[in-house]
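**Student:** take this sequence and fold it.
(2 chains)
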2 protein chains.
Amino acid sequence: MTPMDTVRAFIGTWTDCDMDAMLAMLSDDVIWHNIPMPPTEGKPAVKAAVDAFMANIEGCYWEVHAIAENANVVLTERTDNFTFANGHTASIRVMGTFELDGEGRIARWRDYFDMGEFQTGFAAAMGQA
Amino acid sequence: MTPMDTVRAFIGTWTDCDMDAMLAMLSDDVIWHNIPMPPTEGKPAVKAAVDAFMANIEGCYWEVHAIAENANVVLTERTDNFTFANGHTASIRVMGTFELDGEGRIARWRDYFDMGEFQTGFAAAMGQA
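**Tutor:** Numbers count the residues shown, from 1 in each chain, chains lettered A, B, ... in the order given. As a prediction, this is how the structure comes out:
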């Protein structure tokens, strides 16, 4: 698989809501950085953060608008759509960079988005706004 | 020039603060969309927005952390640094997508960043916070 294929497959694990498959594609020392927030370091910390985030989520659909690779780095432009347990939906417009290690695992993941858009949309979907 | 070369040159016009050269690289019907804000459509509107933004700015240095191309589309991960007339500086962490038309001009430009980070940093640099 090319790095771009790997990242497409990784995005597919999110759309399948298959968090075990998602975590299996990360390196043990992965750093996941949602840029407006502090980075999350190491697979156990990522798993804990994902478990907390996914607790209220029943479905995901991540649209890829653009994707390109340069050596082991893949850049993406996406809309990440989520469906909550209450049936409401929320979306975030985002770009993300993925850096793969020598074994094709995702070692660095940085997503850029507007925190206000995220908080407003997700609070409304969860009935908190 | 490859699309990636074109976008590197475009980023160079910003670092040179050469707004005439920057505008010359845009298509007439360019759409510039800072994602947290409404899009700016057409070169005259882009020029007006840039003139307003640059009124207090004396220098720019845009760092490219990652860049990749896929056909006529180039994705970038950057830190855009600005120096104000009062000597203060501000930076914004950003990813952006550039779509080139058949003549190698930038026809679509979408930047993703946290509006809160932008507003806080730039207000502080201008002495407004």
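**Student:** enumerate every residue touching A:Ala49.
**Tutor:** A:32, A:40 (CB atoms under 8 Å, 6 or more residues apart in numbering or on different chains). To be clear about C-beta, it is placed using only N, CA and C from the backbone, and glycine gets the same treatment.
**Student:** that one: which element?
**Tutor:** Here A:Ala49 sits within helix A:43-54, counting by DSSP states H and E.
**Student:** right, and the helix or strand after that helix?
**Tutor:** Following helix A:43-54 in sequence, per DSSP H and E, is strand A:57-70.
**Student:** and that next one with chain B, contact?
**Tutor:** Yes. Under the criterion of CB under 8 Å from any CB of the partner chain, strand A:57-70 makes contact with chain B via A:65-70.
**Student:** now that we have the residues you listed, which of them are buried?
**Tutor:** Listed as buried from these are A:66-70; burial here means 16 or more other CB atoms under 10 Å in any protein chain shown.
**Student:** got CSV for the residues of strand A:57-70 next to chain B, with distance to A:Asp28 and pLDDT too?
**Tutor:** Converted to CSV, the residues of strand A:57-70 next to chain B look like this (distance: CB to CB, whole Å; pLDDT from 0 to 100):
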residue, distance to A:Asp28, pLDDT
A:His65, 31, 98
A:Ala66, 30, 98
A:Ile67, 25, 98
A:Ala68, 27, 98
A:Glu69, 23, 98
A:Asn70, 25, 98
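**Student:** reformat the buried ones among the residues of strand A:57-70 next to chain B as CSV; add distance to B:Gly104.
**Tutor:** Shown next, in CSV, are these (distance: CB to CB, whole Å):
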residue, distance to B:Gly104
A:Ala66, 18
A:Ile67, 21
A:Ala68, 17
A:Glu69, 21
A:Asn70, 19
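**Student:** write out the residues of chain A neighbouring chain B.
**Tutor:** Taking CB under 8 Å from any CB as the measure of proximity, chain A contacts chain B at A:35-36, A:65-70, A:73-77, A:93-97, A:110, A:112-117.
**Student:** can you do 7 Å?
**Tutor:** With CB under 7 Å from any CB of the partner chain as the criterion, chain A meets chain B at residues A:35-36, A:66-70, A:73, A:75, A:77, A:93-95, A:97, A:112-117.
**Student:** show me the shaky parts of chain A.
**Tutor:** Residues of chain A that meet the criterion pLDDT under 70 lie in A:129.
**Student:** how far away is A:Leu23 from chain B?
**Tutor:** 24 Å (CB to the nearest CB, to the nearest Å).
**Student:** ok, that residue touching A:Gly42?
**Tutor:** No. A:Leu23 is not in contact with A:Gly42 according to CB atoms under 7 Å; the separation is 11.4 Å.
**Student:** quick one, helices of chain A?
**Tutor:** For chain A, the helices defined by DSSP state H cover A:3-15, A:19-24, A:43-54, A:115-125.
**Student:** gap between the residue nearest to A:Leu23 when sequence neighbours are not counted and A:Leu26?
**Tutor:** Counting by CB to CB, 6 or more residues apart in numbering or on different chains, A:Leu23 lies nearest to A:Lys47, which is 5.8 Å off, once chain neighbours are set aside. Taking CB to CB, to the nearest Å as the measure, A:Lys47 falls 9 Å from A:Leu26.
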